[in-house]
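Student: have a look at this prediction, sequence included:
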Amino acid sequence: MALETVSVIGAGAWGTALAQAAAMAGRRVRLHGRSGDLASEVNQFHTNERHLPGQTLHPAITGFADCERVAEADFIILAVPAQASREAIIQAGADAFAGRPVILSAKGLEHETLLRQSEVLGQLAPQAQPYVLSGPSFAADVAAGRPTAVTLAGRDAEPLAAALAGPSFRPYAADDIVGVELAGSLKNVYALGCGAVEGADLGASARAAFLARAYAEMARLVEALGGSPATLTGLAGLGDLTLSCTSTQSRNYRTGLALGRGLPLEGIGLAEGVATAPVARDLARRLHIDAPLIEAVNLLLTGTTSISSIVAGLMARPLKRET
Ligand SMILES: NC(=O)C1=CN([C@@H]2O[C@H](COP(=O)(O)OP(=O)(O)OC[C@H]3O[C@@H](n4cnc5c(N)ncnc54)[C@H](O)[C@@H]3O)[C@@H](O)[C@H]2O)C=CC1
Ligand SMILES: O=C(CO)COP(=O)(O)O
């Protein structure tokens, strides 16, 4: 199957960065955004100042404002926020996805339905070939050509990984769509928690404990939902959890930091963990999985309980063996 041309749906930070990675890998790229002004900016000036300020885009990227022509490509990358994927797929039309590899790159679970991104795609466009791209990768780093490695999961993912690989972008092929999707979604919830630990000045030891127990919790959930806990040892698991739980470049971490300091959340941008946290809680409860950190982050987000009470509750849980 030819993999020369790609349509990227979503001209935010991540869609534009992935368009850049694909162009650097030698692909011809159509970047579909909702705004005609942005398409003109991409075509005339090779920039997306709103989402990737100061970054010059590769000349092989062409901007489009209409999603009706998404199908004019060998494969598709969907890069809108997780809660907007359903609408974006409907707007482009199921036929656009049929028979093509579709790379899902949003990191979140759909509220109300509790679905993963590949399940949303499967519902709306069952003929699409789903792949999931996730891992430690900030849009600004990828777009600037800083070295980045990610996981690309799906059936026989090697050719697609090769089509996106360049000197600074290295996708590793994998099979475990469920594990990779859950890891990418859940790390955002834990990044909120780690940010709050930092914001409330609970100390580096507390943050490391949070991270390690988050990993254990995530492994329980992944296993219960049909993924492989082994996936979590890789880029999409440990790699992204570590990045997002320790870097102020992460919007989720910065959101948690602000919550921990009792500051307003304006201006931080999209924090997928806010929408995913209640979904993760509901999934864990439904499966009777012990997920105290996801519960704690949800309590934090409701704003009804102080951080010191949340921490006291976690520390007072019955002692148990570690594994
Ligand atoms: N920014 C980053 O460093 C990374 C982001 N991601 C993930 O990528 C996803 C998108 O995030 P960002 O690009 O950073 O967000 P963003 O806020 O920069 O951009 C989101 C874009 O989606 C567009 N959009 C929203 N609803 C749409 C719809 N129905 N149809 C078409 N376009 C629509 C918005 O206009 C906006 O341009 C999130 O799930 C995020 O977790 C993943 C890895 C890195
Ligand atoms: O997923 C990311 C890095 O891998 C981006 O994290 P934020 O969405 O928290 O900025």
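Tutor: The structure has been received and is ready for your questions. Ligands and ions are numbered 1, 2, ... in the order given.

Student: CA only for contacts and neighbour counts going forward, please
Tutor: Fine.

Student: ligand 2 contacts on the stretch 101-250 of the chain?
Tutor: Residues of the stretch 101-250 of the chain lying close to ligand 2 by Cα under 6 Å from any ligand atom are 135-138, 240, 244, 250.

Student: so which of the residues you listed comes closest to ligand 1?
Tutor: Minimum distance to ligand 1 across these is 3.5 Å, recorded for F138 (Cα to the nearest ligand atom).

Student: and the closest one, how many neighbours?
Tutor: Neighbourhood size, F138 [other Cα atoms under 10 Å]: 18.

Student: cool, and G203?
Tutor: Other residues lying near G203 total 11 when counted by other Cα under 10 Å.

Student: all strands of the stretch 51-200 of the chain, in order?
Tutor: Using DSSP state E, counting those that start in this stretch, the strands of the stretch 51-200 of the chain run over 61-64, 75-78, 101-104, 129-134, 148-154, 169-174.

Student: any chance of a markdown table for those, columns mean pLDDT, mean neighbour count and distance to ligand 1?
Tutor: Shown next, in a markdown table, are the strands of the stretch 51-200 of the chain (pLDDT from 0 to 100; neighbours: other Cα atoms under 10 Å; distance: least, Cα to the nearest ligand atom, whole Å):
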| stretch | mean pLDDT | mean neighbour count | distance to ligand 1 |
| --- | --- | --- | --- |
| strand 61-64 | 97 | 24 | 11 |
| strand 75-78 | 98 | 26 | 9 |
| strand 101-104 | 98 | 24 | 9 |
| strand 129-134 | 98 | 26 | 7 |
| strand 148-154 | 98 | 24 | 10 |
| strand 169-174 | 98 | 21 | 13 |
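
Student: would you map the helices across the stretch 1-150 of the chain?
Tutor: 13-24, 36-45, 85-92, 117-124, 139-143 (DSSP state H, counting those that start in this stretch).

Student: neighbouring contacts of stretch 279-288?
Tutor: 109-112, 114, 186, 221, 224, 290-291, 294-295, 298 (Cα atoms under 8 Å, 6 or more residues apart in numbering).

Student: which among the residues of the stretch 101-250 of the chain next to ligand 2 end up buried?
Tutor: Buried members of these, counted by 16 or more other Cα atoms under 10 Å: 135-138, 240, 244, 250.

Student: dump the residues you listed to a markdown table, plus pLDDT.
Tutor: Listed next are those as a markdown table, based on pLDDT from 0 to 100:
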| residue | pLDDT |
| --- | --- |
| G135 | 98 |
| P136 | 98 |
| S137 | 98 |
| F138 | 98 |
| D240 | 98 |
| S244 | 98 |
| S250 | 98 |
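
Student: intersect the residues you listed with the contacts of ligand 1.
Tutor: Among these, ligand 1 is touched by 137-138 when using Cα under 6 Å from any ligand atom.

Student: which of the residues of the stretch 101-250 of the chain next to ligand 2 lies closest to I268?
Tutor: S250 (9.5 Å; Cα to Cα).

Student: so what's the closest one up against?
Tutor: Neighbour list for S250: 138, 191, 243-244 [criterion: Cα under 8 Å, 6+ apart].

Student: in CSV: those residues, plus distance to A236.
Tutor: CSV is the format used below for these (distance: Cα to Cα, whole Å):
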residue, distance to A236
F138, 13
A191, 14
L243, 10
S244, 11
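
Student: would you point out the most distant pair within these?
Tutor: F138 and A191 (13.9 Å).

Student: on that earlier part again, ranking the helices of the stretch 1-150 of the chain by burial, who's on top?
Tutor: Most buried of those, by mean neighbour count (mean count of other Cα atoms under 10 Å): helix 13-24, with a mean of 26.

Student: ok, it near ligand 1 or not?
Tutor: Yes: using Cα under 6 Å from any ligand atom, we find that helix 13-24 touches ligand 1 at 13-15.

Student: wait, a helix at L257?
Tutor: Yes: L257 sits within a helix when classified using DSSP: H, G, I helix; E, B strand; the rest coil.

Student: what about T302, neighbour count?
Tutor: Taking other Cα under 10 Å as the criterion, the count of residues near T302 is 8.

Student: any idea how far it is from ligand 1?
Tutor: Noted for T302: a distance of 21 Å to ligand 1, by Cα to the nearest ligand atom, to the nearest Å.

Student: farthest-apart pair in the residues of the stretch 101-250 of the chain next to ligand 2, please.
Tutor: G135 and S250, at 12.9 Å, using Cα to Cα across those.

Student: what's the span of stretch 217-231, first residue to last?
Tutor: End-to-end distance for stretch 217-231: 14 Å, by Cα to Cα, to the nearest Å.

Student: could you give the mean pLDDT of it?
Tutor: What stretch 217-231 shows for mean pLDDT is 98.

Student: burial of the residue in the stretch 201-323 of the chain that ligand 1 sits nearest to, as a residue count?
Tutor: Nearest residue of the stretch 201-323 of the chain to ligand 1: L270, at 5.2 Å (Cα to the nearest ligand atom). Using other Cα under 10 Å, L270 is surrounded by 12 other residues.
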